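# What shape does this take:
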Amino acid sequence: MEQDEKLRYLRMALYGVGIIFIVGVPAMMLWIWPSGWRWTPPQPEYEQMIMGIYATLGVFLILAAKDPLASASLIRFTIWSSIVHGGIMLVRAVMDETDRANLLGDVPGLFLVAFVLWYLMPKRARVQ
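Numbering: from 1, shown residues only. Down below sits the predicted model:
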């Protein structure tokens with residue numbers, strides 16, 4: 001895939017991930033699939049905090065879609081924070097059988113976000 005084509009797809013991915021972070025994370029946690037996106041027992045304070053953080057990140061990812069190369073640090077932060085968050089959740093879900101549904105929910109979701117953004121990030125901005 002050419003770099004210009006990747007950049008076009010990266011813009012679309014940033015819009016998509018931004019919208020998912022703003023609307024999709026709360027919807028999955030609260031209504032659509034709570035067992036795959038919440039911890040057991042539910043922790044409302046944690047959930048409000050994480051939804052606020054992801055909604056804020058989502059807004060900035062949408063803004064970054066206008067000029068992804070100028071926002072390379074934010075995109076790299078999103079990639080690495082998704083890997084770290086997903087990795088911690090993976091370990092916790094493996095250790096605690098009440099959270100195993102997360103292995104099919106938010107854990108692969110975070111790794112997917114990281115992979116898509118990493119793959120689409122132009123090589124000239126990927127390593128810095």
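# which other residues reach the top helix by length along the chain?
Using DSSP state H, we find that the single longest helix of the chain is helix 72-95. Contact with helix 72-95 is made by 10, 14, 17, 57, 60-61, 64, 68, 99-100, 102-103, 106-111, 113-114, 117-118, 121, 125, 128, as judged by CB atoms under 8 Å, 6 or more residues apart in numbering. Quick note: C-beta positions are derived from backbone N, CA and C, even for glycine.
# Would you mark the buried spots in that helix?
Neighbour-count burial for helix 72-95, counted by 16 or more other CB atoms under 10 Å, picks out 72, 74-76, 78-79, 82-83, 85-86, 89-90, 93.
# Could you point out the helix or strand that follows that helix?
helix 106-120 (DSSP states H and E).
# picking that back up, now, of the contacts of helix 72-95, which are buried?
In the contacts of helix 72-95, the ones that pass as buried (16+ other CB under 10 Å) are 10, 14, 17, 57, 60-61, 64, 68, 99, 102, 106-107, 109-111, 113-114, 117-118, 121, 125.
# residues making contact with stretch 16-30?
So stretch 16-30 is contacted by 34, 36-38, 47, 50-51, 54-55, 57-62, 65, 78, 105-106, 113, 116-117 (CB under 8 Å, 6+ apart).
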